[in-house]
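**Student:** Following is a predicted model, sequence given first.
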Amino acid sequence: EAGVAQSPRYKIIEKRQSVAFWCNPISGHATLYWYQQILGQGPKLLIQFQNNGVVDDSQLPKDRFSAERLKGVDSTLKIQPAKLEDSAVYLCASSLVRVYEQYFGPGTRLTVT
Amino acid sequence: AQSVTQPDIHITVSEGASLELRCNYSYGATPYLFWYVQSPGQGLQLLLKYFSGDTLVQGIKGFEAEFKRSQSSFNLRKPSVHWSDAAEYFCAARSSGGSYIPTFGRGTSLIVHP
């Protein structure tokens, strides 16, 4: 069974530029999560989708971050414009349903200079 | 507010020694509890989980965890550590009802000496 796929693995941008990350969850998993993991900290949930609907986005900085999950499968997370404090690893995870354990992708390491 | 606390930022053990990583949670009701491991440059891998029932949970790679309601704890243990266990360990919780929003601790970095 293929795991959660993410791309790119690494991205370096300048502040005020925009960037997008892509995630393909495990086949059949209804729930998809985006996390931000700042160096030395645990992952922080940004947004949670159930199929293609948003379950929770209370910690998503909506003035600059956006996410979508078209057709309830792949998802993209966008930052526009980026700030220095957005430097982090962005993790995507999926689960069969909300209550079950999550499976994580390898993450995208973003560096904003 | 719901929270997960891992009081130890770093733990150093010798190979072959036993290990215990601490995790405390603060939730209104007993949450679902998880331990994940993260190797450098990798995503998180689930070691074990507790939903209900037997308070001693067995996981992969020889790990186990014990849920103690009276102490609001879910500590991870391994009787004999291998050098390959060196990694970052995260305790996580999610409410057993409602929106199931997961919360992670800040992690404990395990260093294994030969």
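**Tutor:** Received it, and whenever you're ready, just let me know what you need. Numbering: from 1, shown residues only, chains lettered A, B, ... in the order given.
**Student:** in chain A, which ranges drop under the pLDDT threshold?
**Tutor:** Across chain A, the ranges flagged by pLDDT under 70 are A:1, A:98-99.
**Student:** Name the residues of it found near chain B, please.
**Tutor:** A:4, A:33, A:40-45, A:48, A:55-56, A:91, A:93, A:98-99, A:101-107 (C-beta under 8 Å from any C-beta of the partner chain). In short, each C-beta sits where N, CA and C put it, glycine included.
**Student:** Can you flag the buried ones in the residues you listed?
**Tutor:** Buried by 16 or more other C-beta atoms under 10 Å in any protein chain shown: A:4, A:33, A:42-45, A:48, A:55-56, A:91, A:93, A:98, A:101-107, out of the residues of chain A next to chain B.
**Student:** Grab the most central residue of chain A for me.
**Tutor:** residue A:34 (3.1 Å; C-alpha atoms, centre = their mean).
**Student:** And what about that residue, helix, strand or coil?
**Tutor:** strand (DSSP: H, G, I helix; E, B strand; the rest coil).
**Student:** quick one, what contacts it?
**Tutor:** Residue A:34 makes contacts with A:23, A:45, A:46, A:47, A:48, A:67, A:75, A:77, A:90, A:91, A:92, as judged by C-beta atoms under 8 Å, 6 or more residues apart in numbering or on different chains.
**Student:** Residue A:82 now?
**Tutor:** A:13, A:14, A:15, A:16, A:17, A:18, A:19, A:64, A:110, A:112.
**Student:** What of residue A:23?
**Tutor:** A:4, A:5, A:6, A:32, A:34, A:74, A:75, A:76, A:77, A:92, A:105.
**Student:** number of nearby residues for residue 77?
**Tutor:** Answering for chain A, as no chain was given. For residue A:77, the neighbour count with other C-beta atoms under 10 Å in any protein chain shown is 24.
**Student:** that answer is for a different chain, and I need it for chain B
**Tutor:** 14.
**Student:** Can you tell me how far it is from residue A:33?
**Tutor:** 28 Å (C-beta to C-beta, to the nearest Å).
**Student:** Run the chain-centre distance for the lowest-mean-pLDDT helix or strand in chain B.
**Tutor:** One helix or strand of chain B scores below all others by mean pLDDT, DSSP states H and E: strand B:102-104, with a mean of 90. Computed by C-alpha atoms, centre = their mean, to the nearest Å, the chain-centroid distance of strand B:102-104 equals 12 Å.
**Student:** Can you list the strands that it pairs with?
**Tutor:** strand B:87-94 (antiparallel) (DSSP bridges).
**Student:** What lies in contact with the strand it pairs with?
**Tutor:** Contacts of strand B:87-94 (C-beta under 8 Å, 6+ apart): A:42-43, A:99, B:2, B:4, B:6, B:21, B:23, B:25, B:27, B:31-40, B:44, B:47, B:74, B:76, B:100-105, B:107-110.
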